[in-house]
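Asks: I would like to see how this sequence folds:
(one chain, ligands or ions: 1)
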Amino acid sequence: MIILGINETSHDASLSLIKDGEILFASHAERYSKKKNDWYNNKDIILDALNYGTPNAIAYYEKPWLKKSRILLRGGSSDWKPHIPLDLPVKYFSHHYSHACAGYYTSKFNDAVIVVLDAIGEYNTSTIWTGENNKIKLVKKYNYPFSFGLFYSAFTQLIGLMPNQEEYIMMGMAAYGDPKKYWKKVYEYFPSINFQKYNFHTGINDWDEEITEQDKFDIAAAVQKVYELRLIEFMRYAAAKTQKTKLVFMGGCALNSSANTALWDIFSDVWIMPNPGDSGSSLGAAAALYGNHINWKTPYLGHDLGGKYPVTEIITSLIRDKVAAVATGRAEFGPRALGNRSILADPRDPNIKDKVNLIKQRELFRPFAPVIMAEHASRWFDMNFESPYMQYTVKCLQPERIPAVVHKDGTSRVQTVTKEQHPGLYEVLSNWYAITGIPILLNTSLNIKGQPLLNDKNDIDQWEKTYKSKVIR
Ligand SMILES: [Fe+2]
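Replies: Numbering: from 1, shown residues only. Below is the predicted model of the structure:
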């Protein structure tokens with residue numbers, strides 16, 4: 001059976017196609033429409049998905065009528081009505097169950113606790129499940145308006161950023177702030193794991209002080225600290241309640257790489273699918289209908305540019321220009337560029353940050369991430385686990401040698417690579433290591449400012465025209 005999974009009417013529409021547990025295609029609507037965080041699937045992504053097979057059934061990631069009832073009865077404004085593109089039977093799964101399935105069914109765990117934390121779907125905002133022998137069971141739920149995600153988003157908005165979109169910028173800003181200044185005040189908004197001051201859906205509406213530019217960083221730092229404290233408490237509670245030692249973590253909150261690292265102190269193993277937010281839920285809904293583990297091998301599941309990984313060209317460009325823009329093969333499923341739509345650069349040069357920032361025209365305080373050969377990771381970073389999808393921020397142990405990929409607070413959001421995971425990127429790193437003695441490159445997303453990651457050939461042409469620079473393909 002071929003199942004088309006759909007996620008739509010949230011901030012990140014996506015499609016996934018699976019056949020008997022194999023993933024044929026998974027991608028985001030925004031990559032095709034060029035509208036960042038596009039809410040709806042468009043003709044181009046539908047046609048690209050259908051290149052990989054003709055579905056017999058559709059799985060949808062939410063229960064639209066339940067969501068509509070929440071909007072009418074409890075408030076919150078969003079769309080709830082999906083556009084189903086094909087005349088096929090549709091099975092609807094709840095928002096948090098789709099998140100749970102996207103995580104558990106792509107994990108290698110048979111027995112685990114599944115925690116889903118996001119802003120809001122229908123009613124649930126924080127849920128704890130168990131996954132045992134392919135069966136997922138709800139253990140505990142917290143409903144709207146209590147919400148980890150809405151708490152974080154409300155403060156994102158308070159400091160002048162876009163809620164539901166720019167939380168990652170606030171997370172980056174936290175390293176530049178002093179958490180002590182607003183710690184007490186922010187703490188009172190979220191004083192325990194089952195109580196919050198009020199419904200954050202309409203933002204923070206009782207902040208009584210003027211907010212200067214430096215305050216924004218201090219508020220970000222305090223919010224990050226309070227979020228981390230509550231997250232750890234919630235995870236300890238989930239572990240104790242279910243008596244499980246392995247964690248599957250899903251929902252938009254699982255994108256908070258600074259907080260995620262502490263999870264390794266609580267659990268023996270952790271799985272965060274590389275697309276844990278709503279855009280991963282098209283795959284979750286498809287897996288829910290399949291009802292079994294699916295064969296997760298790789299996050300490179302989107303539009304296919306074809307070609308062999310251009311190892312020699314990348315190395316030549318890195319030596320000559322210290323930078324290499326690369327677009328090849330299938331696009332990443334998830335928010336991070338993991339080598340197939342990436343700008344790679346020399347991490348040793350402190351000025352490379354400015355050079356890449358000039359290309360990307362983004363805020364100077366935002367950190368750049370390192371990609372490293374997995375077997376070298378523990379020598380360069382304080383970590384004893386792999387981070388194949390850039391989901392954990394850890395302390396850098398040799399910051400003076402790779403200043404371009406170390407954040408203000410001495411940490412880095414690391415991507416580890418093995419030969420099995422990405423043979424081409426691994427070979428690039430291995431050659432780079434032989435030349436420089438450093439098994440690390442800077443890795444950041446290849447996109448035109450304000451636009452999603454590049455997807456197809458037209459996007460590459462557009463990028464080359466805009467920046468008068470070549471993309472290696
Ligand atoms: Fe969600």
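Asks: Now the closest residue to the ion within the stretch 151-300 of the chain: closest residue in space that isn't a chain neighbour?
Replies: With CB to the ion, the shortest gap between the stretch 151-300 of the chain and the ion falls at residue 278, namely 4.5 Å. (C-beta placed from N, C-alpha, C; glycine too.) Excluding its sequence neighbours, the residue lying closest to residue 278 (CB to CB, 6 or more residues apart in numbering) is residue 10, at 4.2 Å.
Asks: same deal with residue 232?
Replies: Nearest non-adjacent residue to residue 232 (CB to CB, 6+ apart): residue 262, at 5.5 Å.
Asks: what's the one you found in contact with, if anything?
Replies: Counting by CB atoms under 8 Å, 6 or more residues apart in numbering, residue 262 touches 228, 231-232.
Asks: May I ask which of the residues you listed has the most neighbours?
Replies: When neighbours are taken as other CB atoms under 10 Å, the top entry among those is residue 231 (22 neighbours).
Asks: So for that one, what's the pLDDT?
Replies: With respect to pLDDT, residue 231 scores 98.
Asks: just residue 194 next, same as before
Replies: At residue 194, the predicted lDDT confidence score is 87.
Asks: Equivalent analysis for residue 364, please.
Replies: pLDDT, residue 364: 68.
Asks: Can you list the residue ranges for helices in the stretch 251-400 of the chain?
Replies: For the stretch 251-400 of the chain, the helices defined by DSSP state H, counting those that start in this stretch cover 257-260, 263-266, 281-290, 311-321, 352-360, 377-380.
Asks: okay, those in a markdown table with distance to the ion, mean pLDDT and mean neighbour count next?
Replies: Putting the helices of the stretch 251-400 of the chain into a markdown table (distance: least, CB to the ion, whole Å; pLDDT from 0 to 100; neighbours: other CB atoms under 10 Å) gives the following:
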| stretch | distance to the ion | mean pLDDT | mean neighbour count |
| --- | --- | --- | --- |
| helix 257-260 | 17 | 96 | 23 |
| helix 263-266 | 19 | 98 | 16 |
| helix 281-290 | 7 | 98 | 30 |
| helix 311-321 | 36 | 97 | 16 |
| helix 352-360 | 28 | 82 | 17 |
| helix 377-380 | 30 | 98 | 18 |
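Asks: which residues does whichever residue of the stretch 301-450 of the chain sits closest to the ion contact?
Replies: Residue of the stretch 301-450 of the chain nearest the ion, by CB to the ion: residue 335 (13.8 Å). Counting by CB under 8 Å, 6+ apart, residue 335 makes contact with 168, 255, 275, 277, 279.
Asks: need the longest helix for this protein.
Replies: Within the chain, and with DSSP state H defining each element, the longest helix by residue count is helix 213-242.
Asks: so how far is it off the chain centroid?
Replies: Relative to its chain's centre, helix 213-242 lies at 18 Å (CA atoms, centre = their mean, to the nearest Å).
Asks: Pull out the buried positions in that helix.
Replies: Neighbour-count burial for helix 213-242 flags 216-232, 234-235, 238-239, 242 (criterion: 16 or more other CB atoms under 10 Å).
Asks: now do stretch 432-449
Replies: By neighbour count on 16+ other CB under 10 Å, the buried set for stretch 432-449 is 432-433, 438-448.
Asks: which one of these is nearest residue 363?
Replies: Nearest to residue 363 among these, counting by CB to CB, is residue 444 at 13.0 Å.
Asks: List the strands paired with the strand or helix carrying the closest one, with their directions.
Replies: Per DSSP states H and E, residue 444 falls inside strand 440-445. Strand 440-445 has these partner strands in its sheet, going by DSSP bridges: strand 341-345 (antiparallel), strand 369-373 (antiparallel).
Asks: which helices and strands does the helix or strand following it pack with?
Replies: The C-terminal neighbour of strand 440-445 among helices and strands, as given by DSSP H and E, is helix 457-467. Under the contact definition 3 or more CB pairs under 8 Å, 6 or more residues apart in numbering; DSSP states H and E, helix 457-467 sits against strand 323-327.
Asks: nearest to residue 32, of the helices of the stretch 251-400 of the chain?
Replies: helix 281-290 (13.7 Å).
Asks: Pretty sure residue 413 sits against residue 389.
Replies: No - counting by CB atoms under 8 Å, residue 413 does not reach residue 389; the two are 10.4 Å apart.
Asks: can you list contacts of stretch 297-310?
Replies: Residues outside stretch 297-310 that contact it (CB under 8 Å, 6+ apart) are 16, 23, 25-28, 31-32, 48, 274-275, 326-334, 338, 340, 389, 421-425, 427-428, 455-457, 460, 472-473.
Asks: Endpoint to endpoint, that stretch covers what distance?
Replies: 22 Å (CA to CA, to the nearest Å).
Asks: Can you report how many residues neighbour the residue lying closest to residue 445 once chain neighbours are set aside?
Replies: In space, and not counting its chain neighbours, residue 445 is closest to residue 337: 3.8 Å by CB to CB, 6+ apart. Neighbour count for residue 337, taken as other CB under 10 Å: 25.
Asks: Residue 337 reaches residue 442, doesn't it?
Replies: No - under the criterion of CB under 8 Å, residue 337 makes no contact with residue 442, lying 11.3 Å away.
Asks: Find residues that contact each of these two.
Replies: Taking CB under 8 Å, 6+ apart as the contact rule, residue 337 and residue 442 both touch residue 343.
Asks: ok so, going back, residue 413 and residue 389 - which one has more neighbours?
Replies: When neighbours are counted by other CB under 10 Å, residue 413 comes out ahead of the other of residue 413 and residue 389, with 25 against 22.
Asks: Can you report phi and psi for that one?
Replies: Backbone torsions of residue 413, given as degrees, to the nearest 10, read phi -90, psi 100.
Asks: which residues does it bridge with?
Replies: Applying DSSP bridges, one finds that residue 413 bridges with residue 393.
Asks: Same check on residue 23?
Replies: The residues listed as beta-bridge partners of residue 23 by DSSP bridges are residue 18.
Asks: Can you verify my assumption that it contacts residue 290?
Replies: No - when contacts are counted by CB under 8 Å, residue 23 is not listed as touching residue 290 (10.5 Å).
Asks: quick one, what contacts residue 336?
Replies: 274, 369, 389-390, 415, 445.
Asks: switch the cut-off to 7 Å
Replies: 274, 389-390 (CB atoms under 7 Å, 6 or more residues apart in numbering).
Asks: and if you look at residue 230?
Replies: Applying CB under 7 Å, 6+ apart, we find residue 230 in contact with 148, 190, 193.
Asks: Regarding the second one, what is its secondary structure?
Replies: Right, residue 190. Following DSSP: H, G, I helix; E, B strand; the rest coil, residue 190 is assigned to coil.
Asks: Run a quick neighbour tally on it.
Replies: As a burial measure, residue 190 scores 22 neighbours (other CB under 10 Å).
Asks: returning to what we had before: dump the contacts of residue 230 into CSV; add distance to residue 320 as well.
Replies: Putting the contacts of residue 230 into CSV (distance: CB to CB, whole Å) gives the following:
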residue, distance to residue 320
148, 46
190, 50
193, 53
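Asks: from these, which is closest to residue 311?
Replies: Checking those against residue 311 by CB to CB gives residue 148 as the nearest, at 41.7 Å.
Asks: Cool, thanks, signing off.
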